[in-house]
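Undergrad: Quick one: sequence and predicted model below, then my questions.
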Amino acid sequence: MEKTLVVIPSKCTGCGTCKLACSMVKGKGEIIARSRIHIHTTGPDSHVQTTCLQCVEAACMKACDTGALVRNVETGAIEVNADRCIGCGLCEIACPFGHMHFNLQTGKSEKCDLCGGDPACARFCPHGALEYK
Amino acid sequence: MILRIDGKQIEAKKWDTILSAAKRNGISIPSLCHHDALENVGACRLCVVEVKTSSNGERKLVTACEYKVAPHIEVFTHSEAVRRSRQTTLDLLLARAPENKLLLDLSRENGVESTSYSTSPDANECILCYLCTRACEKMGCNAISAVGRGQGKSIQPPFLTVPDACVGCGSCAAICPTGFIEMIDMPSKRVIWGKEFERAKCESCGAPLIPVAYREWAIANRELPEDYYLQCQECKRKELASKFSGLGVS
Ligand code: FES
């Protein structure tokens, strides 16, 4: 079976290393706000990380009519084929979990693709709060 | 099937065009009006290459985005004829949009510094690549088309009035390679083609979302529950996070 990116909120300290790693890999380090993984503070000293769930019945894929969202059979991740994206932005608004990102500069959607099978967020999390297994 | 591009033997599928086969094999051919999800129309002529078929050995210029591969053809992407064709095309495109950054960059890469034609006072940055009209058609709206004649011809809504079919999705602006199509998102409205579209609001925090008309269109045209379109991304993420923490995930 393909691996899953597991979030372990009890170990998350909210340090943001995962977000930094994601934006370094995906946004060329420019804008941390464009990280595809997010951290939410849910109480004093309690944090939860959220990222794309790679849904089996994915709303983003149903919203896309141009075949720009494709499941990678090896990693199970849904990937954006930017060459097929026409920039309608519907996938972004359709995602019920807020994890599709429409890039206004490029006019294309972006999302977590599990870095092709070696997610940087999990690799760099110093607290073991993200595991890819 | 096997063909040769610039002397290199490559493998192509029978449905390939020269452009798609080249791309898969890491050979780059400049193109402006091609898009993988839209039908090719051969509007920009930038992708012109030279083809030699084995039957008569003649060489001819074709558009790589439209020309279907055939066994044993030979393709030249850098010959003198191709270079000249590309330069003429860019020279003409620049005459329409002399200041456009994308065109200037492409032109300089191909040895054209500025246009040798006079530029018209009604020139605008529309290069008539038809990406926007095809994207609009793909969405099923067909709200824009070419309007006018000669140098002043450009893509516009018919009679310069935005038809109801336009729901303000913004695909045309997103796909426009030159930035001719302007879309402005303000907190309460989106303005495109001079028409104002009221924006929907996030049910939880009031943040602006897509236009109301676009949301209605999406509800009618995509098989997704209506409540998927009610919140902004931030609120959706927060809700997910609170579900996770409520589960006591550890
Ligand atoms: S890309 Fe082939 S004619 Fe424009």
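TA: Structure received.
Undergrad: so what's the residue in chain B positioned nearest to chain A up against?
TA: Nearest to chain A, among the residues of chain B, is residue B:174, at 2.5 Å (CB to the nearest CB). C-beta coordinates here come from the backbone N, C-alpha and C atoms, glycine included. Going by CB atoms under 8 Å, 6 or more residues apart in numbering or on different chains, residue B:174 touches A:86-89, A:107-108, B:135.
Undergrad: That one: what secondary structure?
TA: helix (DSSP: H, G, I helix; E, B strand; the rest coil).
Undergrad: can you pull the buried residues of the longest helix anywhere in chain A?
TA: Using DSSP state H, we find that the single longest helix of chain A is helix A:17-26. Within helix A:17-26, the residues that qualify as buried are A:17-23, A:25-26, counting by 16 or more other CB atoms under 10 Å in any protein chain shown.
Undergrad: Now render those as CSV, adding pLDDT and distance to the ligand.
TA: Below are these laid out as CSV (pLDDT from 0 to 100; distance: CB to the nearest ligand atom, whole Å):
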residue, pLDDT, distance to the ligand
A:17, 95, 43
A:18, 95, 40
A:19, 94, 38
A:20, 92, 39
A:21, 93, 37
A:22, 93, 34
A:23, 90, 33
A:25, 89, 31
A:26, 87, 28
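Undergrad: quick check, nearest of the residues you listed to chain B?
TA: residue A:19 (12.7 Å).
Undergrad: Please name the nearest non-neighbouring residue to that closest one.
TA: residue A:35 (3.9 Å; CB to CB, 6 or more residues apart in numbering or on different chains).
Undergrad: same thing with residue B:48?
TA: Leaving out its chain neighbours, residue B:48 is closest to residue B:85 (CB to CB, 6+ apart), at 4.6 Å.
Undergrad: I'd assumed residue B:47 was in contact with the one you found.
TA: No: when contacts are counted by CB atoms under 8 Å, residue B:85 is not listed as touching residue B:47 (10.0 Å).
Undergrad: So between those two, which is more surrounded?
TA: More crowded of residue B:85 and residue B:47, by other CB atoms under 10 Å in any protein chain shown: residue B:47, with 27 against 17.
Undergrad: Would you map the helices across chain B?
TA: Using DSSP H, the helices of chain B run over residues B:18-24, B:80-96, B:101-109, B:131-138, B:171-175, B:212-221, B:233-246.
Undergrad: Spit out the contact partners of the residue nearest to residue B:48.
TA: Going by CB under 8 Å, 6+ apart, the list of residues near residue B:85 reads B:45, B:48, B:61.
Undergrad: Okay, and which of those residues map to strands?
TA: B:48, B:61 (DSSP state E).
Undergrad: Check residue 37 and give its pLDDT.
TA: I'll assume chain A. Reading off the confidence values, residue A:37 has pLDDT 95.
Undergrad: wrong chain, I was asking about chain B
TA: pLDDT for residue B:37: 97.
Undergrad: So it sits against residue B:138, correct?
TA: Yes: assessed by CB under 8 Å, residue B:37 is found in contact with residue B:138 at 6.8 Å.
Undergrad: and the spatially closest residue to residue A:46 that is not a sequence neighbour, how many residues sit next to it?
TA: Once flanking residues are discounted, residue A:46 sits nearest to residue B:245: 6.6 Å by CB to CB, 6+ apart. The number of residues packed near residue B:245 is 17, by other CB under 10 Å.
Undergrad: Relative to residue A:8, how far out is residue B:245?
TA: According to CB to CB, to the nearest Å, residue B:245 and residue A:8 sit 12 Å apart.
Undergrad: Can you find the residue of chain A that comes nearest to the ligand?
TA: Nearest residue of chain A to the ligand: residue A:83, at 12.8 Å (CB to the nearest ligand atom).
Undergrad: gap between the nearest residue to residue A:86 once chain neighbours are set aside and residue A:77?
TA: Leaving out its chain neighbours, the residue that sits closest to residue A:86 by CB to CB, 6+ apart is residue B:135, at 4.5 Å. For residue B:135, the distance to residue A:77 (CB to CB) stands at 26 Å.
Undergrad: Would you tell me whether the longest strand seen in chain B gets close to chain A?
TA: Across chain B, the longest stretch assigned as strand under DSSP E is strand B:195-201. No: counting by CB under 8 Å from any CB of the partner chain, chain A is not contacted by strand B:195-201; separation bottoms out at 9.1 Å.
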